[in-house]
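Novice: Show me how the following folds:
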Amino acid sequence: MTSLLNRNQGQAGTPRARARVACAALFAALLASSMPSEAFHRLESATTLKSAAPSWDYLTLDPSRGYLFIARRGDGVAVYDTKSKKLLRTIANTDDANGVTLIPEFDRGYTANGDGTTTVFKLSTLAPIDRIKIGDDADNGFYDPVTKQVAFTIGENRTVVFVDAKTGTIAGKLPIDSKKLDGTVPDGEGNLFMALRDRNAVVKIDIAGRKVTDEWKSAPCEEPTGIAYDAANKRIFVGCRGKNPVLAVMDAQSGTMITTLEIGRGNDGVIYDPTTRKIYTSNGVDANLVIYDQVDADTYKLAEATTTRPYARTLALDPKSKKIFMVTAEGTTDPSKKMSKGVAPFYPNLYFADTFTVLTYAPK
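Specialist: As a prediction, the model looks like this:
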């Protein structure tokens, strides 16, 4: 037995044996290099919901329950269960909804309605509490955990309205010279960064002081829309709709433009995931989901650019599963109706009934 073991060990050390081992290692390395280094997002499901007149804007996910809140202007806020892939209910008294803000610590949700109201509802039961007038219109609301206030963007009034998240009372207002108050994100220190689409600028707002403390031009980023923030590296990520659509990376302390990265047309959503250091952008006209990896504070590389469906322009991210949720519908351009050419020459002004679809993209 001992002599046989010694003989096998000796054979393993021969030049021929060592060559076989080296070839096997090289083959394994080549095989590994030819395989994808990470999973790419693919369509997991497309669920069509009944809707007489599909029209929508922002999406908000409650990751603890897996509920996706979909602001539908014609039908009100739809609550979609991402696990069962079914519509749970439409929240009462939320017609003309454009966005939803969730505040679990107060068991409250706030809608931003196009008629200038916010519908307050109980998050645990989805029952409406009140509908409060805050302006002439409302695009969206953004919660600041430091001041415990919801900032509503009111473009018609060129105003940001601050509402106490616990009581629903108006806490104050801030006039801003812009009719396109767009994406807004808190910095976790009592400030907000807000994109001004019609001024090609990003402003920093002191919430407690009710004042703009900085304004930075976003060139070469035109028509800034979606926005996200990296608190660790003090970086602002801005989706830009202009003639050359890009994701702009700005220094949050100086407003300096760090870099711009190519994305698709029709951006309306940007999300930064601090756990994976990825930036997600949803681009409705080009129907793509463009994702970038943050190598370091000033360096970014393309992770993937996945095809979606036309006009899926807003998105929500599940922080655990990394699934992406988007919505869209089948539409057309009716020449007899007003046409909006700001985003694309033939942007739909009519969507067909019962074509509203929730899209789920999962990394696979």
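Novice: Local confidence estimate at the residue lying closest to residue 259 once chain neighbours are set aside?
Specialist: Excluding its sequence neighbours, the residue lying closest to residue 259 (C-beta to C-beta, 6 or more residues apart in numbering) is residue 249, at 5.0 Å. Using the backbone N, CA and C atoms, a C-beta is placed for each residue, glycine as well. At residue 249, the predicted lDDT confidence score is 98.
Novice: Residue 249: what's it in contact with?
Specialist: 235, 236, 237, 238, 257, 258, 259, 260, 261, 298, 300 (C-beta atoms under 8 Å, 6 or more residues apart in numbering).
Novice: Relative to residue 150, which of these is nearest.
Specialist: Distance to residue 150, by C-beta to C-beta, is smallest for residue 236 among the contacts of residue 249, at 20.6 Å.
Novice: Going along the chain, name the strands of the stretch 1-150 of the chain.
Specialist: Using DSSP state E, counting those that start in this stretch, the strands of the stretch 1-150 of the chain run over 41-49, 56-62, 67-72, 76-81, 86-90, 97-103, 108-113, 117-122, 128-133, 140-144, 149-154.
Novice: Enumerate the positions of the longest one that are buried.
Specialist: Same thing as strand 41-49. Neighbour counts over strand 41-49 (16 or more other C-beta atoms under 10 Å) mark 41, 47, 49 as buried.
Novice: which stretch among the strands of the stretch 1-150 of the chain comes nearest residue 253?
Specialist: strand 140-144 (18.8 Å).
Novice: Any stretches of the stretch 1-150 of the chain with poor pLDDT?
Specialist: Residue ranges of the stretch 1-150 of the chain with pLDDT under 70: 1-38.
Novice: go again using 50 as the cut-off
Specialist: Filtered on pLDDT under 50, the stretch 1-150 of the chain yields the residue ranges 1-12, 21, 28-36.
Novice: Endpoint to endpoint, stretch 328-344 covers what distance?
Specialist: 16 Å (C-alpha to C-alpha, to the nearest Å).
Novice: Then stretch 110-120?
Specialist: 5 Å.
Novice: Show residues contacting that stretch.
Specialist: 71, 73, 77, 91, 93-101, 103, 108-109, 121, 128-141, 150, 152-154, 156, 163, 165, 168.
Novice: mind running it again at 7 Å?
Specialist: For stretch 110-120, contacts defined as C-beta atoms under 7 Å, 6 or more residues apart in numbering pick out 71, 73, 77, 93-94, 96-101, 108, 128-141, 150, 152, 154, 163, 168.
Novice: picking up where we left off before, just the element for the residue nearest to residue 259, please.
Specialist: For residue 249, the host element (DSSP states H and E) is strand 246-251.
Novice: Direction included, what does that strand pair up with?
Specialist: Applying DSSP bridges, strand 246-251 is found paired with strand 235-240 (antiparallel), strand 257-262 (antiparallel).
Novice: Buried residues, it. List them.
Specialist: For strand 246-251, burial by neighbour count (16+ other C-beta under 10 Å) applies to 246, 247, 248, 249, 250, 251.
Novice: just those residues now: which is nearest residue 289?
Specialist: residue 247 (12.4 Å).
Novice: Pretty sure residue 198 sits in a strand.
Specialist: No: counting by DSSP: H, G, I helix; E, B strand; the rest coil, residue 198 is not part of a strand but helix.
Novice: Neighbours of it, how many?
Specialist: Residue neighbour count, defined by other C-beta atoms under 10 Å, stands at 14 for residue 198.
Novice: List the residues that contact it.
Specialist: Counting by C-beta under 7 Å, 6+ apart, residue 198 has contacts 178, 179, 180.
Novice: thought the last one was touching residue 155?
Specialist: Which is residue 180. Yes: with contact defined as C-beta atoms under 7 Å, residue 180 and residue 155 form a contacting pair (6.0 Å).
Novice: So which of those two has more stuff around it?
Specialist: residue 155 (19 against 16).
Novice: from the chain's centre, how far out does stretch 306-325 sit?
Specialist: 8 Å (C-alpha atoms, centre = their mean, to the nearest Å).
Novice: residues making contact with that stretch?
Specialist: By C-beta under 7 Å, 6+ apart, stretch 306-325 touches 40-41, 57-61, 63, 68, 82, 266, 268-269, 271, 273, 275, 280, 282-284, 287-289, 326-328, 331, 348, 358-363.
Novice: Same question for that stretch: list its buried residues.
Specialist: For stretch 306-325, using 16+ other C-beta under 10 Å, the buried residues are 306, 308-318, 322-325.
Novice: Closest one to residue 221 out of these, please.
Specialist: For the buried residues of stretch 306-325, the nearest to residue 221 is residue 313 (17.3 Å; C-beta to C-beta).
Novice: Quick check: the closest one vs residue 146, distance?
Specialist: Going from residue 313 to residue 146 by C-beta to C-beta, to the nearest Å gives 30 Å.
Novice: sorry, back to before: I'd like to know which of the strands paired with strand 246-251 is closest to residue 220.
Specialist: Nearest of those (C-beta to C-beta): strand 257-262, 6.2 Å.
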